[in-house]
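Visitor: build me a model:
(2 chains)
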Amino acid sequence: MYQTDMYEGMLAETVTMHGANGDVINTYFARPLGPGPFPGVVLIHHLPGWDEWYREATRRFAQHGYSALSPNLYFRDGHGTPEDVAAKVRAAGGVPDDQVVGDVGGAMRYLRSLPYINGKVGVFGTCSGGRHAYLTACRAKGFDAAVDCWGGRVVMSREELTPKQPVAPIDYTKDLSCPLLGLFGEEDKGPTPEQVTRHDEELKKYGKTYEFHMYPNAGHGFFYYDRPAYRQQQAVDGWHKVFAFLQKHLG
Amino acid sequence: MCTMIARQVEVEGRGKGPGGWFTVRQANVSYDHPFSLPLEHALNIDFVNEAQGPGARVAVELTVESARTLVETIQAVLTRAEAAGYLDRAQARTQSPT
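Guide: As a prediction, the model looks like this:
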């Protein structure tokens, strides 16, 4: 808990790291100043892209004591404004799941290589990034905690499967290797409350450590203060739950 | 949610983006998160030229009702132009080297 007479400092900058296939990814990195040790968190951005909200969220994690890394998962589609690049990815049906797992795994290894990491690394994502956070926590070993905020298409029908997303993330549940926090809104169309219930049942079936919170009067993306989906009370409570969960498992 | 409902179609035309007019080669049509329209989902159309990079883009984000009205209006205008013989003449001019 921050006290008014405490020293506080932060370093935030773009760096490069290696992702899937050894590709060099430009990445936003924020960490507290000082020797640490600090826990690490990989932030997986949402479909609207590697945007300002994600750079702010990355700094928010640093302010709360985490070495936070947010890779630009859309760098292979070129550079431009985050919107223009994200629009290109949206038109292409997103990025391949295997590639994301490789990129996020690379981010985890980057954090683990740093001398001031406390040995613990989590993964956080919202929207498509929430789905990717869950997927990666199942498929890439080495994470100590995962946060899935309203990740849609964790539960997928056969018709929704594509060459880029060939397996529904829920089908990897038995391989989930770390505690999971899920935050969802009752009014969300994806994931619907029914899909969240199905996910919940699958986690129970395999005896996983997890906590799901379903917020009333909230839909998709209720943390996004710049969108009409923002819900102040639910967002404040949700952020508290995120940091309490990560403190418990990474602190 | 991210619907990932998107299609791309090849088109011929010109579009005016932040850098001025450019040749449009593709139209990307999606029903997914908009960037600016204050809705969770919208009918998004991006007129782009992929060869010129992500910035060669003219974007519109429409409500479903607006998108349907736009489709009907385009069809109505083309039908009227065709009935008046303009499409044949325009086609002939396009194909003529003069």
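Visitor: wait, isn't A:Pro166 in contact with A:Asp97?
Guide: Yes. Between A:Pro166 and A:Asp97 there is a contact at 7.2 Å, judged by C-beta atoms under 8 Å. From N, CA and C alone the C-beta is placed, and that goes for glycine too.
Visitor: OK, contacts around the closest residue to chain B within the stretch 151-251 of chain A?
Guide: Residue nearest to chain B within the stretch 151-251 of chain A: A:Gly190 (2.3 Å; C-beta to the nearest C-beta). By C-beta atoms under 8 Å, 6 or more residues apart in numbering or on different chains, the residues touching A:Gly190 are A:Gly152, A:Arg153, A:His220, B:Met1, B:Cys2, B:Thr3.
Visitor: and it, what element?
Guide: Element membership for A:Gly190 (DSSP states H and E) is empty, with no helix or strand holding it.
Visitor: show me where the stretch 101-250 of chain A has its strands.
Guide: A:117-126, A:145-149, A:180-185, A:210-215 (DSSP state E, counting those that start in this stretch).
Visitor: any chance of the ones you listed in JSON lines with mean neighbour count, mean pLDDT and distance to chain B as columns?
Guide: Formatted as JSON lines, the strands of the stretch 101-250 of chain A follow (neighbours: other C-beta atoms under 10 Å in any protein chain shown; pLDDT from 0 to 100; distance: least, C-beta to the nearest C-beta, whole Å):
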{"stretch": "strand A:117-126", "mean neighbour count": "23", "mean pLDDT": "98", "distance to chain B": "11"}
{"stretch": "strand A:145-149", "mean neighbour count": "27", "mean pLDDT": "98", "distance to chain B": "12"}
{"stretch": "strand A:180-185", "mean neighbour count": "26", "mean pLDDT": "98", "distance to chain B": "11"}
{"stretch": "strand A:210-215", "mean neighbour count": "16", "mean pLDDT": "98", "distance to chain B": "15"}
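Visitor: now those in CSV, with distance to A:Phe61?
Guide: Shown next, in CSV, are those (distance: least, C-beta to C-beta, whole Å):
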stretch, distance to A:Phe61
strand A:117-126, 8
strand A:145-149, 11
strand A:180-185, 14
strand A:210-215, 19
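Visitor: for chain B, what are the nearby residues on chain A?
Guide: Contacts of chain A with chain B, taken as C-beta under 8 Å from any C-beta of the partner chain, map to A:46-48, A:77-81, A:83-88, A:90-94, A:127-128, A:131, A:150, A:152-153, A:160, A:162, A:165, A:188-191, A:219-221, A:227-229.
Visitor: for PyMOL, write the selection for the buried entries among those residues.
Guide: Per 16 or more other C-beta atoms under 10 Å in any protein chain shown, the buried members of the residues of chain A next to chain B correspond to this PyMOL selection:
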select buried, chain A and resi 46+47+48+77+80+83+84+85+86+87+88+90+91+92+93+94+127+128+131+150+152+153+165+188+190+191+219+220+221+227+229
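Visitor: filter the residues of chain A next to chain B down to just the ones in helices.
Guide: Within the residues of chain A next to chain B, residues falling in helices by DSSP state H are A:Glu83, A:Asp84, A:Val85, A:Ala86, A:Ala87, A:Lys88, A:Arg90, A:Ala91, A:Ser128, A:Arg131.
Visitor: alright, that wraps it up for me.
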